[in-house]
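1. quick one: sequence and predicted model below, then my questions.
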Amino acid sequence: MTPRLPSELQHAVDRRPGEAIALRDDRTETFYVLLPHENYERLLDDYTRRELQKAFEQSTRGEVEAWDIEKILAECRRRQGCENG
């Protein structure tokens with residue numbers, strides 16, 4: 001289910017088409033950003049490219065190590081609070 005924009009947000013979107021809109025949840029004092037899907041996709045692509053570039057540069061400098069899948073899985077389990085695999 002995709003929620004619909006309440007009229008207050010719809011008016012904000014109409015006043016600033018294509019722009020990001022800052023939102024604040026008064027209950028939790030959390031800030032959110034509402035932006036068009038295309039802008040989100042572009043931000044995600046840009047972020048991915050930057051992070052991949054960092055990885056390529058690290059690899060070029062020899063800053064690499066062999067993958068230890070058991071170590072990676074153990075860390076994942078630790079972060080997720082899993083006791084057993």
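-> Structure's in. What do you need? Here the structure is a predicted model, which means the values were calculated and not measured.
2. beyond the helix or strand encompassing F56, next helix or strand please.
-> Take DSSP states H and E as the rule and F56 turns out to sit in helix 37-60. Going down the chain from helix 37-60, the next helix or strand is helix 69-80, by DSSP H and E.
3. give me the mean pLDDT for that following helix.
-> Across helix 69-80, pLDDT averages out at 91.
4. now swap in stretch 18-33 and tell me
-> The average pLDDT for stretch 18-33 rounds to 94.
5. distance from it to the middle of the chain?
-> Centroid separation between stretch 18-33 and its chain, computed with CA atoms, centre = their mean, to the nearest Å, is 16 Å.
6. measure it end to end?
-> Start and end residues of stretch 18-33 are separated by 13 Å (CA to CA, to the nearest Å).
7. what lies in contact with that stretch?
-> With contacts defined as CB atoms under 8 Å, 6 or more residues apart in numbering, stretch 18-33 is touched by L9, A12, V13, L34, L35, P36, N39. C-beta here means a position set from N, CA and C on the backbone, and glycine is covered the same way.
8. going through these, which ones are buried?
-> Among the contacts of stretch 18-33, those classed as buried by neighbour count (16 or more other CB atoms under 10 Å) are A12, V13.
9. from the contacts of stretch 18-33, which land in helices?
-> The helices, defined by DSSP state H, take in L9, A12, V13, N39 from the contacts of stretch 18-33.
10. can you list the residues you listed in a markdown table and add pLDDT and distance to R50?
-> A markdown table is the format used below for these (pLDDT from 0 to 100; distance: CB to CB, whole Å):
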| residue | pLDDT | distance to R50 |
| --- | --- | --- |
| L9 | 90 | 30 |
| A12 | 92 | 30 |
| V13 | 92 | 28 |
| N39 | 94 | 17 |
